[in-house]
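Chemist: based on what follows, work out the 3D shape:
(one chain, ligands or ions: 2)
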Amino acid sequence: MDTAIIIVAAGRGTRAGGEPKQWRMLAGQSVLARTVAAFRGAGRIIVVLHPDEIVRGIAEFAGQVTLVAGGETRAQSVRNALESIDQNEISFVLIHDGARPMVSPAVIGRVRDALKKSTAAAPALAVTDALWTGVGAKVTGLQRRDGLYRAQTPQGFHFPAILAAHRAHPGGAADDVEVALAAGLDVAIVEGEEENIKLTWPGDFARAERMLGTGMDIRTGNGYDVHAFTDGDHVMLCGIRVPHSRGLLGHSDADVGMHALTDAIYGALAEGDIGRHFPPSDPQWKGAASQIFLAHAAGLAREKDYRISNADVTLVCERPKIGPHAIEMANELARITGVEPDRISVKATTSERLGFTGREEGIAALATVTLVKP
Ligand SMILES: Nc1ccn([C@@H]2O[C@H](COP(=O)(O)OP(=O)(O)OP(=O)(O)O)[C@@H](O)[C@H]2O)c(=O)n1
Ligand SMILES: C[C@](O)(CO)[C@H](O)COP(=O)(O)O
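Modeler: Ligands and ions are numbered 1, 2, ... in the order given. All right, here's what the predicted structure looks like:
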């Protein structure tokens, strides 16, 4: 193999906090293991580790990679790796941050291809946001963005050229393109990828998990409620006043469908039930419109970054007939919860005249909800 891959992972990850970021787990694999895996088959892999972590590196990568002790700075870590390479065996080097585990074969391929024509090549993304200068959280001026790029790795080089450039450099370069430019090398820009992020700040890990599709949290909850009939001329069901020869008995407006849905949301959030948030012993909820309860549960879900993916409510009664009102009911539940109407279903069934609903002593309702946190 005439290509060496240098993966620098000797930093302390102070901005990310906690354990050095290369060792943290990302979707069931350490960041560094994921980065190393991305380069398997692309060349001879050299991993640069903090001197105190060489033993750990041997345990994790024995026989798969060559380990080199890093230096005080990124540039010094790269230099240590370059000096360890035999010039007779290697023609090209790709230098990559261990903290960029999301690098794709496409980006690696583009850098390698560009080295056929250029002594140096690196991936980057053109700046798309407007750029300002600022002091103390105040905008002080504008910066043209034409011709500005965000640099990524792997940065690729003809080996003798980058070795000489590093030997000649005074140190302190942010990356190897800076070292190459200082030595007068031409550097080709190839297309980078948004996904090729460098894990730098604490929030970057959740972002990477989301990109890998493993950060999604999906929860389901169910709710069940019953209210007995009493004297009256209407019932409130899923927020709709339905004329009927009887009413429903309850502390609030006895909207059995809305209560079941509210409890389903609380259940998915592991937040108890309506009684916990709106105690029946509290006189202020006497005769209350149940949309207060549902809006509270939906708001709690939003506060916790969940959105309602869908909800399904089933009303169990012989009468009144629900069919003519079902769409209006679903629309009302959608309005209160703030979701699209086609994500809410309201349907009904009789219990074939069996049991308390069959004897028309009351109405029962069941609800299922799915909450998603992306
Ligand atoms: N002395 C150093 C410093 C950094 N790196 C590596 O260079 C890459 C990019 O650096 P950065 O994101 O700055 O990592 P850290 O130096 O670990 O982070 P921080 O600056 O937050 O401490 C990382 O993979 C890091 O491990 C290195 O090998 N040797
Ligand atoms: C090498 C690099 O990742 C290219 O974008 C970057 O320069 C590293 O910068 P940092 O200052 O070490 O975060």
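Chemist: and the strands in the stretch 1-150 of the chain?
Modeler: Assigned by DSSP state E, counting those that start in this stretch, the stretch 1-150 of the chain shows strands spanning 3-9, 25-26, 29-30, 44-49, 66-69, 92-97, 120-126, 131-135, 138-143, 149-151.
Chemist: how about the fifth one: buried residues?
Modeler: Same thing as strand 66-69. Residues of strand 66-69 classed as buried: Leu67, Val68, Ala69 (neighbour count, 16 or more other CB atoms under 10 Å). Every residue, glycine included, has its C-beta placed from N, CA and C.
Chemist: listing partners with orientation, what would you give for that strand?
Modeler: Take DSSP bridges as the rule and strand 66-69 pairs in its sheet with strand 44-49 (parallel).
Chemist: spell out whether the partner strand and ligand 2 are in contact.
Modeler: No: figure legend: strand 44-49 not in contact with ligand 2 (CB under 6 Å from any ligand atom); closest approach 13.0 Å.
Chemist: what angle separates that strand from strand 3-9?
Modeler: With axes from the mean of the first three to the mean of the last three CA atoms, to 10 degrees applied, the angle from strand 44-49 to strand 3-9 works out at 20 degrees.
Chemist: circling back to that earlier point, want to throw the strands of the stretch 1-150 of the chain into JSON lines with mean pLDDT and distance to Ala295?
Modeler: Formatted as JSON lines, the strands of the stretch 1-150 of the chain follow (pLDDT from 0 to 100; distance: least, CB to CB, whole Å):
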{"stretch": "strand 3-9", "mean pLDDT": "98", "distance to Ala295": "49"}
{"stretch": "strand 25-26", "mean pLDDT": "93", "distance to Ala295": "37"}
{"stretch": "strand 29-30", "mean pLDDT": "94", "distance to Ala295": "42"}
{"stretch": "strand 44-49", "mean pLDDT": "98", "distance to Ala295": "54"}
{"stretch": "strand 66-69", "mean pLDDT": "98", "distance to Ala295": "58"}
{"stretch": "strand 92-97", "mean pLDDT": "98", "distance to Ala295": "47"}
{"stretch": "strand 120-126", "mean pLDDT": "98", "distance to Ala295": "42"}
{"stretch": "strand 131-135", "mean pLDDT": "96", "distance to Ala295": "39"}
{"stretch": "strand 138-143", "mean pLDDT": "96", "distance to Ala295": "38"}
{"stretch": "strand 149-151", "mean pLDDT": "97", "distance to Ala295": "43"}
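Chemist: how about the residues of the chain by ligand 2?
Modeler: So far as CB under 6 Å from any ligand atom goes, the chain lies against ligand 2 at Arg74, Asp97, Ala151, Gln152, Thr153, Ala174, Asp175, Lys198, Thr200.
Chemist: export those to a markdown table and tack on neighbour count?
Modeler: Putting the residues of the chain next to ligand 2 into a markdown table (neighbours: other CB atoms under 10 Å) gives the following:
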| residue | neighbour count |
| --- | --- |
| Arg74 | 20 |
| Asp97 | 23 |
| Ala151 | 18 |
| Gln152 | 25 |
| Thr153 | 26 |
| Ala174 | 11 |
| Asp175 | 18 |
| Lys198 | 16 |
| Thr200 | 14 |
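Chemist: reformat those as TSV; add distance to Phe39.
Modeler: TSV is the format used below for these (distance: CB to CB, whole Å):
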residue	distance to Phe39
Arg74	18
Asp97	12
Ala151	19
Gln152	15
Thr153	11
Ala174	22
Asp175	18
Lys198	16
Thr200	20
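Chemist: filter those residues to keep only those in contact with ligand 1.
Modeler: Checking the residues of the chain next to ligand 2 against ligand 1 (CB under 6 Å from any ligand atom), the matches are Arg74, Asp97, Lys198, Thr200.
Chemist: please name the nearest non-neighbouring residue to the second one.
Modeler: Okay, so that is Asp97. Thr153 (4.9 Å; CB to CB, 6 or more residues apart in numbering).
Chemist: can you tell me the SS state at that neighbour?
Modeler: coil (DSSP: H, G, I helix; E, B strand; the rest coil).
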